[in-house]
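Trainee: sequence unknown, structure follows:
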């Protein structure tokens, strides 16, 4: 292959793609949509708040439950025990009431039933808040019936416990760091999904570009000055550079939007977050947890993640995964005359991608299970699944083995795709099948 010719094809493919309006629009719109969506969501969550509902209470227990119904941000309780239930039901709006809560008499088990009547659906917090308060009242009443046990309430309060767990990771030197498993789950899922989206998006971009040039007969002009394999690899690398350019621009624009949002909303942690990061780096775990509770644990966990390995692995798996699938997408593009004919041929490519995508959502439950392990070794799913395992810690030999298997598979499939591309790019008027691809692959 002539590398000068390949570089010319790369340059042509890159400049053609980045000058398109679709490239410019998606590069600008995606970060704006993400940034505005996040900003709007934060503003909506902070502005909605909770309106206190006026709750009329008819307590048939003789005042056992009503004292435990304490006003809060969601509910304001009003005693209507001396009034008729039917009369209140028919005049909720006239009395400026939102809910009528009827508490039954005590049954044989010293329990009650609750009925709530309202003109509009109740908010999701109403039932849980009222149930908790009424359960507390019934529990207190039942305790009071045990006259023969001294200090029963004190005994029960002493017996109750509220245990919480703090997770610590130990490194090889025995140093401990506080962690939160949910952070690892979120990062592993995000990384795996990113790889899936980028491989799918830019792999199909290669296929569409090949089909476009073939259907417009431009490839017949190009093939006269360059070999078919040079065109294929030049196109693949050119689109890869377009993908990296767009990805880097997305990062820059998104970070810029976050900086603006941070300034508008008063920051996302400021000095406190910086202080917690510093304490996490020095290993002062007691200070970290005392400084900020759950937020401090999340900050500490993020600080301890091997970001160097994560970023390097992301780049390696992105490049190799892209080369693996884009070469096959290019071969499929060369075998058809229009995109409607690609559905059948794409199926064997999309199935392993979808399998890897689905495994990501379960990998955090047991990242070392046999299914997850082998999925991170099989080259068709490893770019997605291995990235989901890395936050939990992957032995170096597993990472190296996975990359080597993926690299060898890329070389083998790039060679096979080039043979198919060489024949298929000049085939017109016939809907190709897998049998045709196999015959083209066997040609010398």
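Mentor: Ah, there it is. Remember, it's a predicted structure, so these values are computed and weren't measured experimentally.
Trainee: what residues of the longest strand along the chain count as buried?
Mentor: Across the chain, the longest stretch assigned as strand under DSSP state E is strand 53-59. For strand 53-59, the buried set under the neighbour-count rule, 16 or more other C-beta atoms under 10 Å, comprises 53, 55, 56, 57, 58, 59. All C-beta spots, glycine's among them, are computed from the backbone N, C-alpha and C.
Trainee: same thing with stretch 408-415?
Mentor: So for stretch 408-415, counting by 16+ other C-beta under 10 Å, buried means 409, 410, 413, 414.
Trainee: hang on, the last one packs against residue 323?
Mentor: Yes - counting by C-beta atoms under 8 Å, residue 414 touches residue 323, with 6.7 Å between them.
Trainee: contacts for stretch 379-395, please.
Mentor: 184, 187-189, 191-192, 195-196, 199, 305-306, 309-310, 313-314, 317-318, 320-321, 324, 352-353, 355-357, 359-360, 363-364, 367-368, 372, 375-376, 399, 402, 405-406, 409-410 (C-beta atoms under 8 Å, 6 or more residues apart in numbering).
Trainee: how is this protein divided into domains?
Mentor: 3-33+169-259+266-442, 53-152 (automatic domain parsing).
Trainee: closest to residue 242 out of the buried residues of strand 53-59?
Mentor: Set against residue 242, the nearest of these by C-beta to C-beta is residue 53 (55.1 Å).
Trainee: grab the nearest non-local neighbour of that closest one.
Mentor: Excluding the flanking residues, the one nearest residue 53 by C-beta to C-beta, 6 or more residues apart in numbering is residue 98, at 4.0 Å.
Trainee: ok, now which ones touch the one you found?
Mentor: With C-beta under 8 Å, 6+ apart, residue 98 has these contacts: 53, 54, 55, 92, 118, 119, 120.
Trainee: what are the boundaries of the strands in this protein?
Mentor: 53-59, 75-79, 99-103, 114-118, 167-170, 176-179.
Trainee: kindly reformat the ones you listed as CSV containing mean pLDDT and distance to residue 329.
Mentor: CSV is the format used below for the strands of the chain (pLDDT from 0 to 100; distance: least, C-beta to C-beta, whole Å):
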stretch, mean pLDDT, distance to residue 329
strand 53-59, 89, 57
strand 75-79, 88, 58
strand 99-103, 90, 59
strand 114-118, 88, 57
strand 167-170, 54, 40
strand 176-179, 52, 39
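Trainee: hey, which of these is tucked in deepest?
Mentor: strand 99-103 (a mean of 21; mean count of other C-beta atoms under 10 Å).
Trainee: other residues contacting it?
Mentor: So strand 99-103 is contacted by 53-61, 65-66, 75, 77, 80, 85, 88-89, 92, 112-118, 122, 126, 130, 134 (C-beta under 8 Å, 6+ apart).
Trainee: compute the inter-axis angle for it and strand 75-79.
Mentor: Orientation check (axes from the mean of the first three to the mean of the last three C-alpha atoms, to 10 degrees): strand 99-103 against strand 75-79 gives 60 degrees.
Trainee: roughly how far is strand 99-103 from the heart of the chain?
Mentor: 41 Å (C-alpha atoms, centre = their mean, to the nearest Å).
Trainee: then stretch 352-360?
Mentor: 14 Å.
Trainee: what lies in contact with that stretch?
Mentor: Here stretch 352-360 has contacts from 188-189, 192-193, 196, 199-200, 325, 371-372, 375, 378, 380-385, 388, using C-beta under 8 Å, 6+ apart.
Trainee: report the distance from stretch 52-65 to the chain centre.
Mentor: Distance, centroid of stretch 52-65 to centroid of chain: 44 Å (C-alpha atoms, centre = their mean).
Trainee: number the residues from 45 up from this point.
Mentor: Okay, using 45 as the starting number, the last item reads as stretch 96-109.
Trainee: end to end, how far does that stretch reach?
Mentor: 20 Å (C-alpha to C-alpha, to the nearest Å).
Trainee: with stretch 111-121 instead?
Mentor: First residue to last in stretch 111-121 (C-alpha to C-alpha) measures 10 Å.
Trainee: helix or strand, whichever it is, which one in this structure has the lowest mean pLDDT?
Mentor: Within the chain, confidence by mean pLDDT, DSSP states H and E is lowest for helix 314-326 among all helices and strands, at a mean of 45.
Trainee: excluding its backbone neighbours, what's nearest residue 278?
Mentor: residue 53 is the one closest to residue 278 (C-beta to C-beta, 6+ apart), at 2.6 Å.
Trainee: could you measure from the one you found over to residue 274?
Mentor: From residue 53 over to residue 274 the distance is 6 Å, taken as C-beta to C-beta, to the nearest Å.
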